[in-house]
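Participant: have a look at this prediction, sequence included:
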Amino acid sequence: MSRTHRTQTLDREVGRAMSALSAAAKRGFGDPALAELVMIRASQLNHCAFCLDMHLRLAGEHGGSEERIALLDAWEEAGDRYSERERAALALTEAVTVLTDGFVPDEVYDFAAEHFDQGELAHLIGLITVINGWNRLMVSRRVPPGGYRP
């Protein structure tokens with residue numbers, strides 16, 4: 001099947017459900033700049049060009065600096081460019097996204113739980129889950145970057 005055949009529109013019901021989940025997770029998380037970092041990092045790991053393009057744009061709108069966004073792929077080595085709270089969110093993002101061992105390591109979850117209350121942590125996991133879902137929808141359909149319109 002060619003790329004053009006795969007980029008057909010998403011089923012409206014699925015799209016509405018995913019959008020509602022995205023909105024609920026973002027609303028309950030309350031930190032739009034960090035939410036965008038999380039969504040960019042998951043999209044990097046999942047090689048989703050469409051979502052990367054979209055969330056890079058949104059990160060700029062929420063005050064994300066070019067330097068911090070450019071260093072995101074190497075956040076663990078970026079020193080003090082990211083706060084402990086951001087580092088906890090990014091570590092959890094990677095653990096949930098990759099799941100190489102079939103589970104999120106206790107130390108990663110505990111690190112996140114030190115920096116987020118129960119409600120924030122639930123919404124953070126919701127954000128990570130929904131961006132992974134969006135990534136898989138877009139990558140499987142080979143949706144190219146550039147189509148995002150606010």
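Facilitator: Received it, and whenever you're ready, just let me know what you need.
Participant: buried residues, the helix ranked longest in the chain. List them.
Facilitator: Using DSSP state H, we find that the single longest helix of the chain is helix 118-140. Residues of helix 118-140 classed as buried: 120-121, 123-128, 130-132, 134-135, 137-139 (neighbour count, 16 or more other CB atoms under 10 Å). Glycine gets a C-beta too; all of them are placed from N, C-alpha and C.
Participant: my guess is Leu121 contacts Phe111, does it?
Facilitator: No. Counting by CB atoms under 8 Å, Leu121 does not reach Phe111; the two are 10.9 Å apart.
Participant: please name the nearest non-neighbouring residue to Cys48.
Facilitator: In space, not counting the residues next to it along the chain, Cys48 is nearest to Asn135; the distance is 4.0 Å by CB to CB, 6 or more residues apart in numbering.
Participant: what of Glu120?
Facilitator: Closest to Glu120 by CB to CB, 6+ apart is Phe29, at 6.3 Å.
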